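S.K.: Got a sequence here, can you build the structure:
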Amino acid sequence: MTTANEFFNMSAAPLRIETVRLKVRDLDTVSTFYQSVLGLSPIETGKGRVTLGIGTAPLLHLVGDPALLPLDTRQAGLFHTAFLLPSRSDLARWLTHVMAARVPLQGASDHIVSEALYLADPEGNGIEVYADRPVARWHGPNGEIRMSTDPLDAQDLMQSAAGTEWSRFPEGGSIGHVHLQVGDTEAADRFYRDVLGCEIAARYPGASFYGSGGYHHQLAGNVWNSRRTGTRPDGMAGLDAVEIVVRDAADVASIAARAERVGIERLEHPGGMTLHDPWGTAISLMT
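M.R.: The predicted model follows:
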């Protein structure tokens, strides 16, 4: 039996994902999906806007505009938003919930570091719902983080639900990582590693996984659908921004200095700043 301290402490990482902001064409439909399928709760609503999360903690900002162009999955932007559940039992309960509701899944994988299920919202924004394994099981003989994409043993997973039912997204859950579509992995490395200061925790063909504080990845970038794509067009539905909490305010200054050295513009705001990656994705850094 595992205990809480065997799992990664995300709040201790230098960088962690706080929220994701999506631009959507049908706000009501997309908001209802995240509430009914993922169990997120409305925190704040306004004209053309809904913020969803857990209790008072926001996770997802939805901005509605019917005039947006439909999402083009060949463009840079979001591959998936990955919602991290506190335990394997939570993941099992969620799987039972979506199966009963006949929600179509797009995949199910054992990544060694985690067990994960994949789907998309009504406008095609990718979603991962996952649970981490204990940190001690992540590493190879030389201390390297091992990641793979193997079939998920769903039957074994569902046995851990212990007869209890899914009711809502649980306290202690979060956005564990955001996986992006980029035009070039080397250019992505120069931004997410060399400017933001993440470590390359793992690589797949056509993808880099960026970790902070020893995590397997808070961010990732792949070219599987978007190789050689340029800046994301204005006026298109999909990812608008990723908000990242920087634990140490001094790190924000270091990131700003590195950005300035390579000519990346920054927009400063109270508590932090916003940078754009080479494909126009807004990365908002907050302390």
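S.K.: going forward, measure contacts between C-alpha atoms and count neighbours the same way
M.R.: OK.
S.K.: how about the helices in the stretch 1-150 of the chain?
M.R.: Assignment of helices within the stretch 1-150 of the chain using DSSP state H, counting those that start in this stretch yields the ranges 27-38, 88-100.
S.K.: Would you tell me which of those gets closest to residue 69?
M.R.: For the helices of the stretch 1-150 of the chain, proximity to residue 69 was assessed by CA to CA; helix 27-38 is nearest, at 14.0 Å.
S.K.: Who are the packing partners of the closest one?
M.R.: Here helix 27-38 is seen to pack against strand 49-54, strand 57-64 when contacts are counted using 3 or more CA pairs under 8 Å, 6 or more residues apart in numbering; DSSP states H and E.
S.K.: May I see those strands arranged in CSV, with mean neighbour count and mean pLDDT as well?
M.R.: Supplementary listing: the helices and strands packed on helix 27-38 in CSV, determined by neighbours: other CA atoms under 10 Å; pLDDT from 0 to 100:
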stretch, mean neighbour count, mean pLDDT
strand 49-54, 21, 98
strand 57-64, 22, 98
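S.K.: Where does pLDDT dip in this protein?
M.R.: For the chain, the stretches with pLDDT under 70 are 1-5.
S.K.: What separates the first and last residues of stretch 122-138, distance-wise?
M.R.: Terminal residues of stretch 122-138 are spaced 33 Å apart (CA to CA, to the nearest Å).
S.K.: List the buried residues of that stretch.
M.R.: Residues of stretch 122-138 classed as buried under the neighbour-count rule (16 or more other CA atoms under 10 Å) are 123-135, 138.
S.K.: now do stretch 38-51
M.R.: 38, 39, 40, 41, 42, 43, 49, 50, 51.
S.K.: Among those, which one lies nearest to residue 114?
M.R.: Top of the list for closeness to residue 114, among these and by CA to CA, is residue 38 at 18.4 Å.
S.K.: what sits against the closest one?
M.R.: Neighbour list for residue 38: 94, 168, 169 [criterion: CA atoms under 8 Å, 6 or more residues apart in numbering].
S.K.: The residue of the chain positioned farthest from its centre and residue 92, how far apart?
M.R.: Relative to the centre of the chain, and counting by CA atoms, centre = their mean, the farthest-placed residue is residue 163 at 28.8 Å. In this view, residue 163 and residue 92 are 10 Å apart by CA to CA.
S.K.: The helices and strands packed on helix 27-38 into a markdown table, with extra columns for distance to residue 26?
M.R.: Shown next, in a markdown table, are the helices and strands packed on helix 27-38 (distance: least, CA to CA, whole Å):
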| stretch | distance to residue 26 |
| --- | --- |
| strand 49-54 | 11 |
| strand 57-64 | 6 |
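S.K.: With respect to burial, which of the helices of the stretch 1-150 of the chain scores highest?
M.R.: Sort the helices of the stretch 1-150 of the chain by mean neighbour count, taking mean count of other CA atoms under 10 Å, and helix 88-100 sits at the top with a mean of 19.
S.K.: Specify the beta-bridge partners of residue 245.
M.R.: Counting by DSSP bridges, residue 245 is bridged to residue 16, residue 286.
S.K.: and what of residue 126?
M.R.: residue 120.
S.K.: So it is in contact with residue 119, correct?
M.R.: Yes. Here residue 126 reaches residue 119: they are 6.2 Å apart, a contact under CA atoms under 8 Å.
S.K.: any idea which of the buried residues of stretch 38-51 is closest to residue 273?
M.R.: residue 51 (20.9 Å).
S.K.: who's in contact with that closest one?
M.R.: 42, 43, 44, 45, 58, 59, 60, 61, 62.
S.K.: Grab the two from these that are most spread out in space.
M.R.: Maximum pairwise distance among these (CA to CA): 13.7 Å, between 45 and 59.
S.K.: How far does stretch 192-211 stretch from one end to the other?
M.R.: Start-to-end span of stretch 192-211 (CA to CA) is 10 Å.
S.K.: Repeat that for stretch 164-175.
M.R.: Stretch 164-175 has an end-to-end distance of 23 Å (CA to CA).
S.K.: buried residues in it?
M.R.: With burial defined by 16+ other CA under 10 Å, the residues of stretch 164-175 counted as buried are 166, 168, 169, 170, 173, 174, 175.
S.K.: now the strands: where do they sit in the stretch 51-200 of the chain?
M.R.: 57-64, 77-85, 107-110, 114-120, 126-132, 150-151, 174-181, 199-204 (DSSP state E, counting those that start in this stretch).
S.K.: Tell me which of the ones you listed lies nearest to residue 237.
M.R.: Comparing the strands of the stretch 51-200 of the chain by CA to CA, strand 57-64 comes nearest, at 9.0 Å.
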